[in-house]
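> Take this sequence and fold it.
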Amino acid sequence: MPYREQPPLSIAALNAASPEDAVAMLAPVVERSPWLARRLAGARPFADAAQLAALLRRTIMALSRDERLLLLRAHPELAPATPETMTAASQGEQGRLGLAHPSPAIAGRLSALNRQYSERFGYPFIIALHAMQDLDAVLAQFEGRLRNDPVEEMVQALSNVVSVATARLARMTGGAAIGEAV
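A predicted model of the protein is given here:
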């Protein structure tokens, strides 16, 4: 599936949508986590995208450990062997830095890092690629975060999920960056 930009999201339309349609509208914001989209949709109405972004941050950071793992494991690893299985949003985010189809040397390096990270933490490495200038910055973060304490790393990973989700929401609503970037 080639990358395509997510459709615009109107907060007024989201507020007026049926529960099923609201979940579908929020699905691109929360990577393969319809349960989280349902939770957010259930909190409507929203005054604006900033209010939705604030709720998104609070909700993610307040998840139980099992829910956190479920959310984190829904994200793809960097430079997966089958990039076409990623969501359109992930394809675009990874594609911007050449991670959807990396060179063999980068693919090999990332495969080894992905394996080490997954074995150490139990979920894929998540980084807010929209906030990364280039692949060197991504690799430096990846290698550095492998040394984190597991509790600290989970907070880092969740903070990056929030950053990704709020950046997606901002793109979809046509707004500037919403919430805090990581």
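> packing partners for the helix of greatest length in the chain?
The helix spanning the most residues in the chain, taking DSSP state H as the definition, is helix 150-173. Helix 150-173 sits against helix 49-61, helix 65-73, helix 104-121, with contacts defined as 3 or more Cβ pairs under 8 Å, 6 or more residues apart in numbering; DSSP states H and E. To be clear about C-beta, it is placed using only N, CA and C from the backbone, and glycine gets the same treatment.
> For the following helix or strand past the shortest one, buried residues please.
Right, helix 65-73. As assigned by DSSP states H and E, the chain's next helix or strand after helix 65-73 is helix 88-96. In terms of neighbour count (16 or more other Cβ atoms under 10 Å), helix 88-96 has its buried residues at 89, 90, 91, 92, 93, 94, 95.
> Would you mind confirming that the first one makes contact with residue 28?
Just to be clear, that refers to residue 89. Yes: contact criterion Cβ atoms under 8 Å: residue 89 and residue 28 qualify, at 5.5 Å.
> Any stretches of this protein with poor pLDDT?
1-5, 176-182 (pLDDT under 70).
> Ignoring the adjacent residues along the chain, who's closest to residue 174?
Among residues not flanking residue 174 along the chain, residue 8 sits closest, at 6.4 Å (Cβ to Cβ, 6 or more residues apart in numbering).
> Please apply the same query to residue 116.
Leaving out its chain neighbours, the residue that sits closest to residue 116 by Cβ to Cβ, 6+ apart is residue 146, at 6.0 Å.
> what's the neighbour count on the one you found?
When neighbours are defined as other Cβ atoms under 10 Å, residue 146 has 14 of them.
> for residue 135, same thing?
Neighbour number of residue 135 under other Cβ under 10 Å is 17.
> before we move on, back to that, torsion angles phi and psi at the residue nearest to residue 116?
phi -60, psi -20 (degrees, to the nearest 10).
> is it true that it touches residue 114?
No: Residue 146 lies out of contact with residue 114 (Cβ under 8 Å); the separation is 10.6 Å.
> Report how far apart the opening and closing residues of stretch 65-81 are.
End-to-end distance of stretch 65-81: 28 Å, with Cα to Cα, to the nearest Å as the criterion.
> Good, wrapping up.
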